[in-house]
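A.B. asks: Build me a model from this:
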Amino acid sequence: MAHPGDEIDSLHGLEDRILKAVALIQQLKDENRSLREQLKDSEAEVRKVTAALEGFQSATSSSEKELDLLRSERKQIKNRIEKLLGQMDRLAES
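C.D. replies: The predicted model follows:
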């Protein structure tokens, strides 16, 4: 039969392991809570960056359209000037 002192030591050992397990579970819960908060913050930051990116893409698209329009106008102006120069050359030859 086991001695009463051995049973008490066994119970103390079991109690220590249970207390360590409880402390570990609490630590893991705290870490989980912290990670969930970080995830929420990260998701909010992703939404913010995505909105900014969409704004930049829209601005880029508008700028590209404006650039195409300006190139078209430049080409029209160049053609008009070439026509005028051609008419001036004909007048000078006359």
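A.B. asks: For stretch 41-52, which outside residues touch it?
C.D. replies: Contacting residues not belonging to stretch 41-52 are not present [Cβ atoms under 8 Å, 6 or more residues apart in numbering]. Any C-beta I mention is one placed from the backbone N, CA and C, and that applies to glycine too.
A.B. asks: how much distance is there from it to the middle of the chain?
C.D. replies: 5 Å (Cα atoms, centre = their mean, to the nearest Å).
A.B. asks: next one: stretch 54-66
C.D. replies: From the chain centre to the centre of stretch 54-66 is a distance of 19 Å (Cα atoms, centre = their mean).
A.B. asks: Next: stretch 66-81.
C.D. replies: Using Cα atoms, centre = their mean, the offset of stretch 66-81 from its chain centre is 38 Å.
A.B. asks: same check, this time on stretch 48-63
C.D. replies: Centroid separation between stretch 48-63 and its chain, computed with Cα atoms, centre = their mean, is 13 Å.
A.B. asks: could I have that stretch exported to PDB, CA atoms only?
C.D. replies: These are the backbone C-alpha positions of stretch 48-63, laid out as PDB (Å, rounded to 0.1, in the frame of the first residue of the first chain):
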ATOM      1  CA  LYS A  48      -8.500  50.700 -47.100                       C
ATOM      2  CA  VAL A  49      -5.600  49.900 -49.400                       C
ATOM      3  CA  THR A  50      -8.000  48.200 -51.900                       C
ATOM      4  CA  ALA A  51     -10.100  51.300 -52.000                       C
ATOM      5  CA  ALA A  52      -7.100  53.500 -52.500                       C
ATOM      6  CA  LEU A  53      -5.900  51.200 -55.300                       C
ATOM      7  CA  GLU A  54      -9.300  51.400 -57.000                       C
ATOM      8  CA  GLY A  55      -9.100  55.200 -56.800                       C
ATOM      9  CA  PHE A  56      -5.600  55.200 -58.400                       C
ATOM     10  CA  GLN A  57      -6.800  52.800 -61.100                       C
ATOM     11  CA  SER A  58      -9.700  55.100 -61.900                       C
ATOM     12  CA  ALA A  59      -7.500  58.100 -62.000                       C
ATOM     13  CA  THR A  60      -5.000  56.300 -64.200                       C
ATOM     14  CA  SER A  61      -7.800  55.300 -66.600                       C
ATOM     15  CA  SER A  62      -9.100  58.900 -66.700                       C
ATOM     16  CA  SER A  63      -5.500  60.200 -67.300                       C
END
